[in-house]
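Asks: Sequence first, then the predicted structure:
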Amino acid sequence: MDSYFHYPVNDFGPLMRGMLIGGVAIFHVFVAQFAVGGGMLLLLFEWLDRRGERPLLRRFVGGYFRWLVLVSFVLGALSGVGIWLTSIQVSARTIGLMVQEFHWVWATEWMFFTLEVVAGYAFYRYGERLGRPRRLQLLALYAVSAALSLFWINGILSWQLTPGEWPETGSLWAGFFNPSFWPSLVYRLMVCATLAALAACAVVHRIPGLEAEERAELQRAASPLLVPMAAMPLVGLWFLVTIPADSRGWVLGESVAMTLFLGLAVAASTLLGVYVLQAVARRRLHVDLPTAVLLLALAFAATAGGEFVREGARKPYTVRGALYANSLTPEEVAAFRRRSTLRFHDRYPLREGPFRTEVRVPTDQVARGARVFRHQCSVCHTVDGANGVVHLAGTWSLEQQRLNVAQLQRTKPYMPPFAGDERDVEALVQWLRWRIAGEPETWPDTSGDRDVSHRIHAWLEEAGTERVAPGRPQERGR
């Protein structure tokens, strides 16, 4: 515990920090999966051209690859850097644990990503000068390296939700090939193929000089990559079966937000699948540009809903069983109950908002509460913006606030247990009430009230430091 370090954090005003990284991550995942699927599509077209002398396909490959480079290499690289930048501001300790446990896996993934980029730019620069065997080999190198990059990163991301035997054994491979690894990988590869084919339906309208029948021919040639969509519901069910029961409960009704986003993903995927599969089945796939853009928008909505569900299903962890969403381990929660969060207090000034405005507080107790909030709550909550605590707890009575904070894992089972002693609970409650009251210049200090301290201490002891899964009786903490 003496080595525990509190990382400085940035405040983004009314925007919850998790929403910031979520927005960047969803965009990056969409672009990255398009890049992987693009490799599949280009390899398919090059192979079909080599088999049947189809110059229209060869012409398309050159035009499509320019879009692939522009979108995936440029926007993908920028958003990838954006993920690392936002991640270290939102949850530096989680990123640190991922790098610590999987540094060689990260290195392997970056090696394949580098190979993907080099092969991609080589084809972009020299593809037209190469003979057919070399073109096919270069595109195969690009497609395989892109898919292997996804393979390695999928293991790390799925480990966060289903670490398997890793918490007990510490084995890298037990964590990497975790229970949700294969359904997650298969589903992502299906999404990659779908995005590439849908993008092709749009790009054909940007190639000059094509007749309507030539566009339809290209769209039909891309249609085999849409067929795996039919198995997506089965793979989705496979994924749900592999995740923990409480995570499955969040998704299937116990968390309204996650259920709504699951509904968004399912509805968008269903609409997309019905349209595409009936067109493929009738062999009349001919999509105009507005429809192609609409289909891509539906695919983006499905991706956003799916990524939100994947992230939210980990609650209250960022790495299940090892690290809570507020970057504390279960062992640290228990230790902070005995020796207060403020024993390892952060020394950073109290500032809020995008302009880092200094917060002036009336008492040391309120200042302590502000730091407790920043330390334990601010990763998932704002003060009065998105998921703001002023709105969530503003109607509770004083005793409700004390009890609900002290027994946080009972109040909301998808939240971590409170990590602190009775003084921290009361400080957080007084800070919250001061904010609800409009931040007056004076505020009573209740830190010397022994009766209040004894009641809160009893509530903390009753709840313990173990989280509660839905439908499971509370276990008494150690």
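Replies: Cool, the structure landed. Numbers count the residues shown, from 1 in each chain.
Asks: Pull the distance from stretch 454-473 to the chain's centre.
Replies: 29 Å (CA atoms, centre = their mean, to the nearest Å).
Asks: Residue 69 should be in a helix, yeah?
Replies: Yes - assessed by DSSP: H, G, I helix; E, B strand; the rest coil, residue 69 belongs to a helix.
Asks: and the residue lying closest to it once chain neighbours are set aside, helix, strand or coil?
Replies: With sequence-adjacent residues excluded and distances taken as CB to CB, 6 or more residues apart in numbering, residue 69 is closest to residue 124, at 5.3 Å. Glycine gets a C-beta too; all of them are placed from N, C-alpha and C. Classification of residue 124 using three-state DSSP returns helix.
Asks: List the contacts of residue 124.
Replies: By CB atoms under 8 Å, 6 or more residues apart in numbering, the contact set of residue 124 is 65, 66, 69.
Asks: so which of those residues is the most crowded?
Replies: Counting neighbours by other CB atoms under 10 Å, residue 65 leads the contacts of residue 124 with 20 neighbours.
Asks: Quick check: the gap between that one and residue 38.
Replies: Applying CB to CB, to the nearest Å, the value for residue 65 to residue 38 is 8 Å.
Asks: ok, back up a step: just give me the closest of the contacts of residue 124 to residue 259.
Replies: Proximity of these to residue 259 (CB to CB) peaks at residue 69, which lies at 38.7 Å.
Asks: quick one: the strands in the protein?
Replies: Taking DSSP state E as the test, the strands found in the chain are 317-319, 323-324, 351-352, 357-358.
Asks: Show me what the first one pairs with in its sheet, parallel or antiparallel.
Replies: Strand 317-319 has these partner strands in its sheet, going by DSSP bridges: strand 323-324 (antiparallel).
Asks: And the contacts of the strand it pairs with?
Replies: Residues contacting strand 323-324 (CB under 8 Å, 6+ apart): 93, 94, 97, 316, 317, 318, 329, 330, 333, 416.
Asks: How about stretch 207-220?
Replies: With CB under 8 Å, 6+ apart as the criterion, stretch 207-220 contacts 56-57, 59-60, 63, 200-201, 204-205, 283, 285-287.
Asks: out of the residues you listed, which are buried?
Replies: Among these, those buried by neighbour count (16 or more other CB atoms under 10 Å) are 56, 57, 59, 60, 200, 201, 204, 285, 287.
Asks: quick one: least confident of the residues you listed?
Replies: Lowest in pLDDT among the buried ones among the contacts of stretch 207-220 is residue 285, which has 60.
Asks: Tell me which residue is most central in the protein.
Replies: Nearest to the geometric centre of the chain sits residue 311, at 4.5 Å (CA atoms, centre = their mean).
Asks: if I pick it, what's in contact with it?
Replies: By CB under 8 Å, 6+ apart, the neighbours of residue 311 are 18, 22, 25.
Asks: Isn't residue 172 up against residue 100?
Replies: No - Residue 172 lies out of contact with residue 100 (CB atoms under 8 Å); the separation is 10.8 Å.
Asks: Looking at those two, which one has more neighbours?
Replies: Taking residue 172 and residue 100 together and counting by other CB under 10 Å, residue 172 has the greater number of neighbours (16 against 8).
Asks: highest average neighbour count across the strands of the chain?
Replies: Stretch with highest mean neighbour count among the strands of the chain: strand 323-324 (a mean of 24; mean count of other CB atoms under 10 Å).
Asks: what's the offset of that one from the middle of its chain?
Replies: For strand 323-324, the distance to the chain centre is 15 Å (CA atoms, centre = their mean).
Asks: Give me the below-cutoff pLDDT ranges for the protein.
Replies: The chain contains residues with pLDDT under 70 at 1-6, 8-9, 280-285, 341-346, 353-356, 469-478.
Asks: hang on, the earlier thing: how close does the residue nearest to residue 69 sit to residue 139?
Replies: Distance from residue 124 to residue 139, by CB to CB: 11 Å.
Asks: Over to residue 227?
Replies: Residue 227 is 21 Å from residue 139, by CB to CB.
Asks: Those two - which one has more neighbours?
Replies: Taking neighbours as other CB under 10 Å, residue 227 and residue 139 compare with residue 139 leading, 25 against 16.
Asks: Show the contacting residues for that one.
Replies: 39, 42, 43, 46, 61, 123.
Asks: quick one on the thing from earlier: let me have the contacts of stretch 207-220 in CSV, extended by distance to residue 366.
Replies: Shown next, in CSV, are the contacts of stretch 207-220 (distance: CB to CB, whole Å):
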residue, distance to residue 366
56, 71
57, 68
59, 69
60, 65
63, 62
200, 59
201, 58
204, 62
205, 60
283, 70
285, 64
286, 66
287, 60
